[in-house]
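Asker: Okay, predicted coordinates and the sequence, questions at the end:
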Amino acid sequence: MIIRDTEPYFVMTTQDDHAHFSGEIARGFRDEWFLDENYKDDCLLAIREHDRSWIRLDATPVWNDTATFPFSFIDHPVLPKLVMYELGVDETEEMSAYAALLCSMHYASFFKSIPQDAKYEAELAFYHRELARQARLKEKLNHPDEVMIKRHFQLLQLCDDISLYVCMNQKGVSKEQEHPWFKQGFNSLIEDHKFNAEWSSEHEVQLTPSILFAQEWTATLRYKNVPKKRAHEIGINKAYQECDWTELKVTFV
């Protein structure tokens, strides 16, 4: 779950909704960014499904008792995440081997720099299982071009970042008041381009350099505004379940 803390509400976006928003963003990109038209649909599928591992975890929000705050993707216990990461990539593989390759690379990247230490045994085991999966999938796919794979992985991570930017910031927020993760732009690099985002209005986001989209592009994100008072009265899960969905249309200009 992606959670933004406001005075009256927990603004709660499921990881799956965030991923689908990422996929909507990617559909507006210029065709040339995908390099090979034959793999474009599989790349778009990977971007849209890259967080399906969270569907079951987000179905029942729970408190982080030490923080009196719902668990989010940042602080959720790692062992349940590892189980669901693997299951999510398994499910994606049933749809597309190439999409599963990209999603596996995405999850494995979280643990690429983890210390070789016994206390990280579960994380390291997961990492090496995913590396083995990637080797198996590349062989199954007759070893697709590595330059293309790298580009598609970069597109996945960039769309992930752009979507997180929208999810984790108040719409229309000034650059000075943004979440600290994004003030210096995104870490994702494509052809040495470092991208930055800034709200230009409550429904418009300016991406620079402005080279990704062929024209203005609108995508829709859904989330829930969960009243904090209600969550503390009846529990975070019940409060979340009784709330209606809110939709935000964002135009990238």
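Answerer: Structure received. Numbers count the residues shown, from 1 in each chain.
Asker: Give me the pLDDT value at the residue lying closest to residue 79 once chain neighbours are set aside.
Answerer: Once flanking residues are discounted, residue 79 sits nearest to residue 122: 6.0 Å by Cβ to Cβ, 6 or more residues apart in numbering. C-betas here are computed from N, CA, C, even on glycine. pLDDT recorded at residue 122 is 96.
Asker: what's around residue 122, how many residues?
Answerer: For residue 122, the neighbour count with other Cβ atoms under 10 Å is 13.
Asker: Report the separation between it and residue 71.
Answerer: According to Cβ to Cβ, to the nearest Å, residue 122 and residue 71 sit 18 Å apart.
Asker: Kindly report the same for residue 29.
Answerer: Residue 29 sits 32 Å away from residue 71, taking Cβ to Cβ as the criterion.
Asker: Tell me the buried residues in whichever strand in the chain runs longest?
Answerer: Longest strand in the chain, counting residues (DSSP state E): strand 217-227. By neighbour count on 16 or more other Cβ atoms under 10 Å, the buried set for strand 217-227 is 217, 219, 221, 223-224, 226.
Asker: what packs against the next helix or strand after that strand?
Answerer: Note on strand 217-227: by DSSP states H and E, the next helix or strand toward the C-terminus is helix 228-234. Contact here means 3 or more Cβ pairs under 8 Å, 6 or more residues apart in numbering; DSSP states H and E; on that basis helix 228-234 packs against strand 9-13, helix 236-242.
Asker: after the shortest one, next one along is what?
Answerer: Per DSSP H and E, strand 9-13 leads on to helix 15-27 as the next helix or strand towards the C-terminus.
Asker: Check which residues of that following helix are buried.
Answerer: Judged by neighbour count (16+ other Cβ under 10 Å), helix 15-27 contains these buried residues: 15-26.
Asker: residue closest to the middle of this protein?
Answerer: In the chain, the centroid-proximal residue (Cα atoms, centre = their mean) is residue 160; its distance is 4.1 Å.
Asker: SS state for it?
Answerer: When classified by DSSP: H, G, I helix; E, B strand; the rest coil, residue 160 comes out as helix.
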